[in-house]
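**Student:** Return a 3D structure for these sequence lines:
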Amino acid sequence: MGLIVVALLTVGTTRDNGPLTQSDRIDSITKHIACPTCDGESVYVSRASAAEAIRNQVARDVSAGTMTDDEIVGSIANTFKAKVLLVPRATGIDSLVWILPIAVLVCAVAGLWAAFRRWRRDNSGEATSDDVALVEKLLAEDPTDEDNV
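**Tutor:** Down below sits the predicted model:
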């Protein structure tokens with residue numbers, strides 16, 4: 001299961017949908033950048049002056065054609081000290097934000113599966129000799145005598 005999750009994450013992060021137009025690239029980049037003056041909005045959605053300025057900068061960088069999308073996002077993140085990223089980068093410590101919860105979930109599921117398997121194996125439903133002796137002792141004592149009720 002863990003390998004499947006890792007494989008899907010790898011495919012999802014490296015998949016290329018083909019060449020994008022400049023407008024598509026600008027939209028894609030601005031959807032991943034948070035507006036520095038708005039609360040919870042991307043630059044793509046916001047109409048604040050700071051968002052407009054970032055959109056114009058992204059458009060200039062895309063038109064120049066000298067930087068990749070990641071480099072454009074990186075330059076804007078460096079300008080604002082990475083406080084404008086809606087999605088953490090897929091490198092370094094930022095990648096742990098995405099990978100660590102999934103790894104913990106996979107380990108937890110694997111641990112539960114192993115525990116349930118062990119409990120099922122250990123508790124096969126058959127009575128041990130101690131169990132049989134305890135039941136016989138309790139039946140011999142029989143505190144519910146029907147004549148005394």
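**Student:** What segments of the chain are helices?
**Tutor:** With DSSP state H, the ranges of helices along the chain come out as 2-14, 22-31, 49-64, 69-79, 92-122, 129-141.
**Student:** Any idea which of those helices gets closest to Leu86?
**Tutor:** For the helices of the chain, the distance to Leu86 is smallest for helix 22-31, at 7.6 Å, taking Cβ to Cβ. In short, each C-beta sits where N, CA and C put it, glycine included.
**Student:** quick one: low-confidence ranges for the chain?
**Tutor:** Scanning the chain for pLDDT under 70 picks out 13-19, 82, 88-91, 94, 124-125, 142-149.
**Student:** Domain parsing of it, as residue ranges.
**Tutor:** Residue ranges for the domains of the chain, per automatic domain parsing: 8-79, 90-121.
**Student:** Identify each buried residue in the last one, please.
**Tutor:** Of the residues in domain 90-121, those with enough neighbours to count as buried (16 or more other Cβ atoms under 10 Å) are Val106.
**Student:** how far away is Gln57 from Asn123?
**Tutor:** 65 Å (Cβ to Cβ, to the nearest Å).
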